[in-house]
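Peer 1: Structure for the following, please:
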Amino acid sequence: MSKHCSKSEWGIRSNDAEVDAQVLPSYSAFQSVLLLGEADFSFTKAFAQEQIAGIREGTGNEDEVMKIVASEYGSGIEIANRYFDANQQRLSEHLNSLFHFQLIKEVISGLNARNLGNYNERRTRKKLAGDDSNEVGKQHVCTCSRWNISENCWDKPSPFWKNDTSDEDSYDLIIFNFPHSNQAGRATRLVKAFFKQMRICIDAGKLTNDVVIEMRLRTIETNPQYKRNIRSFYCHEESAEECGFICIGCWPSDLQRWEKWGYKHKMTKKNETCRDIGANCKVWRWSSVRSTEQQNQRKQS
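Peer 2: Alright, predicted model coming up:
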């Protein structure tokens, strides 16, 4: 069992004891990273800069250069309106600047984490209420729009998963920071749906069985009344366990680590009470297989 996690009635949860400030999640072992829900892509830029700095300082893996694909749920127009004062030129300049970092391979808009398991189009049957017949329909493939730096615009929507027969677009780390919905109380459902989609992707071979999922989540464990806040009560531990994922690490907030590289956390108007999000944030990691250390400890117990 990881020193950051202990068993509970819900499976795995973090200890409340303080962890040495120098103990931070490491990224040197990962080669292909997918970032979800990136808003203005400031975390994308900060993440890339730190990895490059790590390589220069000798703490990163220079032989196996990381590939980063950054995505946002909103459309290109929505990103411009929300984070760039509806100024498409400012957005274009910002997106183009991301490609100055060799690690960043793609920037994507319109990617819905709830649909990641829809890697191909297939027929589905849905039971209609009060009707003995079945409605025949289609589950459409997960699509997105990719930023085209040559054309300085978004490409037309296309399938997110490029190739069903190879692992060229597979990932060994998926980071989903502060998942939220614009409808109150829906964050819990979003997190649950996300873990289900990850399980589908693993079972279908789109992701490897040892893929690591990382989230930064605001948690208030001492005051139940705050659990009504959609960023405070994710039910992430239960959702992960239900889908066969095991906690492999939990750390205190590391937002200052990214802020020094220019990361700025974006708030929605409905979540102004979350301005202290950094103080209550924790970094969680899950995998569908136990780490070697955990396996050895399990054998010894």
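
Peer 1: For the rest of this, base every contact and every neighbour count on C-alpha atoms.
Peer 2: Noted.

Peer 1: immediately after the helix or strand of the chain with the lowest mean pLDDT, which helix or strand?
Peer 2: The weakest-scoring helix or strand in the chain, judged by mean pLDDT, DSSP states H and E, is strand 11-14 (a mean of 30). Once the chain leaves strand 11-14, the next helix or strand it forms, by DSSP states H and E, is strand 32-36.

Peer 1: Mind checking the pLDDT average for that following strand?
Peer 2: The pLDDT scores in strand 32-36 average 97.

Peer 1: next one: stretch 208-226
Peer 2: Here the average pLDDT along stretch 208-226 is 78.

Peer 1: same deal with stretch 48-68?
Peer 2: Stretch 48-68 comes out at a mean pLDDT of 77.

Peer 1: Check which residues of stretch 28-44 are buried.
Peer 2: Buried residues in stretch 28-44, counted by 16 or more other Cα atoms under 10 Å: 28, 30-44.

Peer 1: got the CA positions of that stretch in PDB?
Peer 2: Taking Å, rounded to 0.1, in the frame of the first residue of the first chain, the C-alpha atoms of stretch 28-44 are listed here in PDB:
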ATOM      1  CA  SER A  28       9.500  11.300 -15.400                       C
ATOM      2  CA  ALA A  29       8.200   7.800 -16.000                       C
ATOM      3  CA  PHE A  30       5.400   8.900 -18.400                       C
ATOM      4  CA  GLN A  31       5.800   9.200 -22.200                       C
ATOM      5  CA  SER A  32       2.300  10.100 -23.500                       C
ATOM      6  CA  VAL A  33       0.000  12.400 -21.500                       C
ATOM      7  CA  LEU A  34      -3.600  13.500 -22.200                       C
ATOM      8  CA  LEU A  35      -4.800  16.600 -20.400                       C
ATOM      9  CA  LEU A  36      -8.600  17.000 -20.100                       C
ATOM     10  CA  GLY A  37     -10.700  20.100 -19.300                       C
ATOM     11  CA  GLU A  38      -7.900  22.500 -19.800                       C
ATOM     12  CA  ALA A  39     -10.000  25.700 -20.100                       C
ATOM     13  CA  ASP A  40      -7.400  28.400 -21.200                       C
ATOM     14  CA  PHE A  41      -4.600  25.900 -21.500                       C
ATOM     15  CA  SER A  42      -2.500  27.700 -18.900                       C
ATOM     16  CA  PHE A  43      -1.900  24.400 -17.100                       C
ATOM     17  CA  THR A  44      -0.800  22.800 -20.400                       C
END
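
Peer 1: So what touches it?
Peer 2: Applying Cα atoms under 8 Å, 6 or more residues apart in numbering, the contact partners of stretch 28-44 are 51, 59-61, 64-74, 79, 83, 111, 113, 170-177, 179, 258, 262-264, 266.
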